[in-house]
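here is the input, now give the coordinates:
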Amino acid sequence: MGNMVEATEFSEWANRFNVYGVPKTVLNQTDDYSLEGAAPEHMLLEKVVAAVGASK
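Sure thing, here's the model as predicted:
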């Protein structure tokens, strides 16, 4: 499941996930598995694999 929110409209979420730039991708609702900016696909895949491994 994914959500996209406008940081200026949801400032509590922006603060919770330390949003300083956009886009910001947060996986598993933790900043431990996040990317800020337009990251290459391989970087996103690395974060997804790490997040899935951590949730097992």
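
give me the residues contacting the single longest helix found in the chain.
Longest helix in the chain by number of residues (criterion: DSSP state H): helix 41-54. Outside helix 41-54, the residues that touch it by C-beta atoms under 8 Å, 6 or more residues apart in numbering are 25, 27-28, 32-35. To be clear about C-beta, it is placed using only N, CA and C from the backbone, and glycine gets the same treatment.

do that again at 6 Å, thanks
Residues from elsewhere that reach helix 41-54 (C-beta atoms under 6 Å, 6 or more residues apart in numbering): 27-28, 33, 35.

next one: stretch 20-40
Under the criterion C-beta under 6 Å, 6+ apart, residues 17-18, 47, 51 lie in contact with stretch 20-40.

rerun that using 8 Å as the cut-off
Under C-beta under 8 Å, 6+ apart, the answer for stretch 20-40 is 7, 17-19, 43-44, 47-48, 50-51, 54-55.

redo those as JSON lines? Include neighbour count and pLDDT.
Formatted as JSON lines, these follow (neighbours: other C-beta atoms under 10 Å; pLDDT from 0 to 100):
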{"residue": "A7", "neighbour count": "16", "pLDDT": "88"}
{"residue": "F17", "neighbour count": "19", "pLDDT": "91"}
{"residue": "N18", "neighbour count": "11", "pLDDT": "92"}
{"residue": "V19", "neighbour count": "20", "pLDDT": "92"}
{"residue": "M43", "neighbour count": "12", "pLDDT": "95"}
{"residue": "L44", "neighbour count": "13", "pLDDT": "94"}
{"residue": "K47", "neighbour count": "18", "pLDDT": "94"}
{"residue": "V48", "neighbour count": "15", "pLDDT": "93"}
{"residue": "A50", "neighbour count": "14", "pLDDT": "93"}
{"residue": "A51", "neighbour count": "17", "pLDDT": "91"}
{"residue": "A54", "neighbour count": "12", "pLDDT": "80"}
{"residue": "S55", "neighbour count": "9", "pLDDT": "69"}
